[in-house]
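Novice: structure of the sequence below:
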Amino acid sequence: MAIHSLLSALARMSALREREAMEEALVEMVRHDIVPGCDAVRLVRAIGEPGQQHWQVRASFAETLDTSERDHVWADWSRLPHLADFPHRQQAVLIGDMVQHGHTPCHSIFALERDPLSACVLEIESVHTLPPDSQHTIAWVLTIYRNLIGLLDYGEKDALTGLLNRKSFDGAFVRAAMQQDALEQELDRPDRRTTHMQQSYWMAVMDIDHFKQVNDRFGHLIGDEVLVLMARIMRTALRHHDQLYRFGGEEFVVMMRCPDHARALAVLERFRQTVEAFEFPQVGHVTTSIGFTLLRGDDTPDLAFNRADKAVYQAKESGRNRICSFAELLASGTIVESPATGDGIEFF
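Specialist: Numbers count the residues shown, from 1 in each chain. Next comes the predicted model:
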């Protein structure tokens, strides 16, 4: 093991500011600088609802590959391996220590996160068992990695709710818009139109109704508790791969992937009904108004947000506690979109 090469890899990883890049840097470092010659290194995470969790590959380097591979964040998680299919990974998470099993190849598994709901492990596949010095080095590197991820979370997540923040939204939006643009180009090919409709990106803006009255009547501490509970409802009522953001105040944003307008509406309606039925401590029942729009390949974050926000405005004007679709508002003539910029909206 070349100490200078390892330190250089650690320095490069510490300069990264995106989680996916850090995950790839970690597995590449282990593959090339700590256990050179191993067959494969993979970082896997448990995703899904309790009792229905699956393993998602976050980054993987194999001897036969020149670049990292991963399961797409929007992949159909039901097709991924079940948690129970890999009991040794579960054992490593449970005991919080390395687990080795098998011979030729030997699998060495290190737990990164021990929370069963967000379990994450590093798995190394090699011809021989790892020597003690390699085991210790990997353990130290994983400690550094956890600290770096903690700093990244501090910058990417809303301090109150733990949801992603406005700062982290732009990068995720640009990646989604680029993929949406590619899908729209696929739509021009008649033989590929069905795949397009299976992979559309949608953006929803959610606003808590009469939230100012909650703060005025019960105080800001209770208001903050409502925001925390709203974020918890978002995590449980929405799907695990939907990307959840708090933009500030009582405004939340969801980035999601659905096959069509009806499915996007159904996902949001389930959330709206869950919020409506929930009894918030001291406050009672709270409702939310939601607006959503299909992402476009030439979108900017502001253009897409403004469309969804206009739909939220219409939901509030129509009585609150409801969902409005930007596309349906256009179709009904309730709003008119200027074709020049995509942002000139008039209300009748």
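
Novice: could you export stretch 157-174 as PDB, CA atoms only?
Specialist: What follows is stretch 157-174, C-alpha atoms only, in PDB (Å, rounded to 0.1, in the frame of the first residue of the first chain):
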ATOM      1  CA  LYS A 157     -29.800  19.800   4.400                       C
ATOM      2  CA  ASP A 158     -32.300  22.000   6.100                       C
ATOM      3  CA  ALA A 159     -31.200  22.300   9.800                       C
ATOM      4  CA  LEU A 160     -34.800  22.200  11.100                       C
ATOM      5  CA  THR A 161     -36.400  19.400   9.100                       C
ATOM      6  CA  GLY A 162     -33.500  17.400   7.800                       C
ATOM      7  CA  LEU A 163     -34.800  17.700   4.200                       C
ATOM      8  CA  LEU A 164     -32.600  18.800   1.400                       C
ATOM      9  CA  ASN A 165     -32.300  22.600   1.100                       C
ATOM     10  CA  ARG A 166     -32.600  25.200  -1.700                       C
ATOM     11  CA  LYS A 167     -28.900  25.100  -2.300                       C
ATOM     12  CA  SER A 168     -28.800  21.400  -3.200                       C
ATOM     13  CA  PHE A 169     -31.900  21.700  -5.400                       C
ATOM     14  CA  ASP A 170     -30.200  23.500  -8.400                       C
ATOM     15  CA  GLY A 171     -27.700  20.700  -9.100                       C
ATOM     16  CA  ALA A 172     -30.300  18.000  -8.900                       C
ATOM     17  CA  PHE A 173     -32.700  20.000 -11.100                       C
ATOM     18  CA  VAL A 174     -30.100  20.500 -13.800                       C
END
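
Novice: show me where the stretch 201-348 of the chain has its strands.
Specialist: 243-248, 251-258, 279-280, 284-285, 288-294, 323-325, 335-337, 345-347 (DSSP state E, counting those that start in this stretch).

Novice: okay if I get the ones you listed as a markdown table plus mean pLDDT, mean neighbour count and distance to Ala264?
Specialist: The C-beta positions use only the backbone N, C-alpha and C, and glycine is treated the same way. Formatted as a markdown table, the strands of the stretch 201-348 of the chain follow (pLDDT from 0 to 100; neighbours: other CB atoms under 10 Å; distance: least, CB to CB, whole Å):
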| stretch | mean pLDDT | mean neighbour count | distance to Ala264 |
| --- | --- | --- | --- |
| strand 243-248 | 93 | 20 | 14 |
| strand 251-258 | 94 | 22 | 4 |
| strand 279-280 | 97 | 13 | 26 |
| strand 284-285 | 96 | 10 | 25 |
| strand 288-294 | 97 | 25 | 6 |
| strand 323-325 | 98 | 23 | 8 |
| strand 335-337 | 85 | 16 | 18 |
| strand 345-347 | 42 | 13 | 20 |
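
Novice: surely Pro36 is within a helix?
Specialist: No: under DSSP: H, G, I helix; E, B strand; the rest coil, Pro36 falls outside any helix and is assigned coil.

Novice: and it, how many neighbours?
Specialist: 11 (other CB atoms under 10 Å).

Novice: phi first, then psi, for it.
Specialist: When quoted as degrees, to the nearest 10, the phi and psi of Pro36 stand at phi -60, psi 140.

Novice: any idea how far it is from Phe61?
Specialist: Using CB to CB, to the nearest Å, we find Pro36 at a distance of 11 Å from Phe61.

Novice: then Pro281?
Specialist: 48 Å.

Novice: who's more crowded, those two?
Specialist: Legend: neighbour count by other CB under 10 Å for Pro281 and Phe61, higher for Phe61 (24 against 10).

Novice: contacting residues for that one?
Specialist: Listed by CB atoms under 8 Å, 6 or more residues apart in numbering, the contact set of Phe61 reads 27-28, 31, 40-42, 68-69.

Novice: can you tell me the average pLDDT over the helix or strand hosting it?
Specialist: Taking DSSP states H and E as the criterion, Phe61 maps to strand 54-62. Predicted confidence along strand 54-62 averages 91 (mean pLDDT).

Novice: equivalent analysis for stretch 86-95, please.
Specialist: Averaging pLDDT along stretch 86-95 gives 93.

Novice: show me the beta-bridge partners of the residue nearest the centre of the chain.
Specialist: The structure's the chain has its C-alpha centroid closest to Gln243; by CA atoms, centre = their mean the separation is 4.2 Å. In this entry, Gln243 is beta-bridged to Met255, by DSSP bridges.
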